[in-house]
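Visitor: the following comprises the amino acid sequence and a computationally predicted model.
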Amino acid sequence: MSTQQPTSPSAGQNGNGLALLSSMAATHRLRLNPNTDHKPESYEGLQLEYSPLLFSSLERYLPPSMLSLSRDSKLHYMRDIILRYSPEVDRNRVQRQREYRQKIISHYQPLHRELYTMNASNFFAPSFLKAINENKEESFRSIMAEPTQGIFTFEMLQPRFCELLLAEVENFEKWVHETKFRIMRPNTMNKFGAVLDDFGLETMLDKLMEDFIRPISKVFFSDVGGSTLDSHHGFVVEYGIDRDVELGFHVDDSEVTLNICLGKQFSGGDLFFRGVRCDKHVNTETHSDEILDYSHVPGHAVLHRGRHRHGARATASGHRVNLLLWCRSSVFRELRKYQKDFSSWCGECQREKKERQRISIAATKQELLKKEVKPGT
């Protein structure tokens, strides 16, 4: 049993529409459950403080009477809600991040522009693409292995795509070195690597999450907001003798994490997993059925809950680069604030619940036995 303790890394309106919105704001609330039959608008291409996917996802929660309004009216209403509940410090941080990204994008010249627009047939392995197009649980499972509960591994990327993305990252790092531009690293735990969203790949990664990861997550990770993923943090990490060597035991700032090995030649660097935990139980011991070690294969992906505790062992030789996509659900995060029972996904909560049930059943049996035993017998 392990006693290692994981850490969390730190990551123009219509006048009539507005008149109607004013009255609705006072009398209507968002739906508790999404309208799954409603096809939301696309908010791509607009100058927004938050991801366009956030607004498309939130639109499904609008009151029914609002769904026929213009896109501008719905956008105004949703922005008002987000700004009302988002602390000013968060809004300022988002604005600074937008300005930082715009500064990079306006100066950095991409090496392979074909990477910046989703081209599924050139990016993905045929088996993965076939499963996504069929969009059925049995299709997903046919290309996956599940070595332990909640961790799925499968071939995902074509070798050529891995080569191009590695070259693009190297080109960006060369530009950073030559211009002495100070960039933000992926998280507080990695000193090497780059945030892909920061130099123009945000839209492509949004499509990756929305069209390819969310359908799978809807099936396997619905208990942690897999069907409502609406934002992401996309980055690469680099391991080797002259890079980060290993990664400590931790949980991700995500609901669902996609981890894909891009290459190159390396030995060591295995991932180790040690069970899913909520905040309360994040430092509890590991049980034998929760232990898994996984060896990276270029082009192959690992998909798991962000709260699945894990780390990376030391890379013994060579140079390993991985693409990470932390997928998040604003809806799940808001609902989680009001929940006390996480036994649907936290391994320790499940054990505690079973123990309470066992004690309750034993107590009930004891009471029944007492009643059956008559005085004087």
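Guide: Yes, it's here.

Visitor: could you pull out the strands in the stretch 1-150 of the chain for me?
Guide: Using DSSP state E, counting those that start in this stretch, the strands of the stretch 1-150 of the chain run over 145-148.

Visitor: so what strands line up beside the lengthiest strand in the chain?
Guide: When the chain is parsed with DSSP state E, its longest strand is strand 315-328. Strand 315-328 has its sheet partners listed here by DSSP bridges as strand 231-240 (antiparallel), strand 256-263 (antiparallel), strand 266-268 (antiparallel).

Visitor: in the first one, which residues are buried?
Guide: Pointing back at strand 231-240 there. 231-240 (16 or more other Cβ atoms under 10 Å). The C-beta positions use only the backbone N, C-alpha and C, and glycine is treated the same way.

Visitor: reformat the residues you listed as JSON lines; add pLDDT and distance to residue 103.
Guide: Formatted as JSON lines, these follow (pLDDT from 0 to 100; distance: Cβ to Cβ, whole Å):
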{"residue": "231", "pLDDT": "92", "distance to residue 103": "21"}
{"residue": "232", "pLDDT": "95", "distance to residue 103": "21"}
{"residue": "233", "pLDDT": "95", "distance to residue 103": "19"}
{"residue": "234", "pLDDT": "97", "distance to residue 103": "19"}
{"residue": "235", "pLDDT": "96", "distance to residue 103": "18"}
{"residue": "236", "pLDDT": "96", "distance to residue 103": "20"}
{"residue": "237", "pLDDT": "93", "distance to residue 103": "23"}
{"residue": "238", "pLDDT": "91", "distance to residue 103": "23"}
{"residue": "239", "pLDDT": "88", "distance to residue 103": "28"}
{"residue": "240", "pLDDT": "84", "distance to residue 103": "29"}
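
Visitor: residue 302: which of those residues is nearest?
Guide: residue 237 (13.3 Å; Cβ to Cβ).

Visitor: which helices and strands does whichever strand or helix holds residue 355 pack with?
Guide: Assigned by DSSP states H and E, residue 355 falls within helix 347-372. Counting by 3 or more Cβ pairs under 8 Å, 6 or more residues apart in numbering; DSSP states H and E, the packing neighbours recorded for helix 347-372 are strand 271-276.

Visitor: how about stretch 253-269 as CSV, C-alpha atoms only?
Guide: Written as CSV, here are the backbone C-alpha positions of stretch 253-269 (Å, rounded to 0.1, in the frame of the first residue of the first chain):
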residue,chain,number,x,y,z
ASP,A,253,-6.9,20.1,-12.8
SER,A,254,-9.3,18.5,-15.2
GLU,A,255,-12.4,16.3,-15.3
VAL,A,256,-11.0,14.1,-18.0
THR,A,257,-7.3,13.9,-19.1
LEU,A,258,-6.0,12.8,-22.5
ASN,A,259,-2.3,11.9,-22.5
ILE,A,260,-0.7,10.9,-25.8
CYS,A,261,3.0,10.0,-26.3
LEU,A,262,4.4,11.8,-29.4
GLY,A,263,7.9,10.2,-29.2
LYS,A,264,10.8,10.2,-29.6
GLN,A,265,13.4,7.5,-28.6
PHE,A,266,13.4,6.9,-24.8
SER,A,267,13.5,4.3,-22.1
GLY,A,268,11.7,4.5,-18.7
GLY,A,269,9.2,7.2,-17.9
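
Visitor: returning to that earlier point: can you redo the strands paired with strand 315-328 as TSV with distance to residue 301?
Guide: TSV is the format used below for these (distance: least, Cβ to Cβ, whole Å):
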stretch	distance to residue 301
strand 231-240	14
strand 256-263	4
strand 266-268	17
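
Visitor: show me the one of those strands that comes nearest residue 304.
Guide: Using Cβ to Cβ, the nearest of the strands paired with strand 315-328 to residue 304 is strand 256-263, at 5.6 Å.

Visitor: any low-confidence regions in this protein?
Guide: 1-28, 85-90, 245-246, 374-377 (pLDDT under 70).

Visitor: which residue ranges of it form helices?
Guide: Per DSSP state H, the chain carries helices over the ranges 15-27, 52-59, 71-85, 88-107, 120-123, 126-134, 137-143, 159-179, 202-207, 214-220, 330-336, 347-372.
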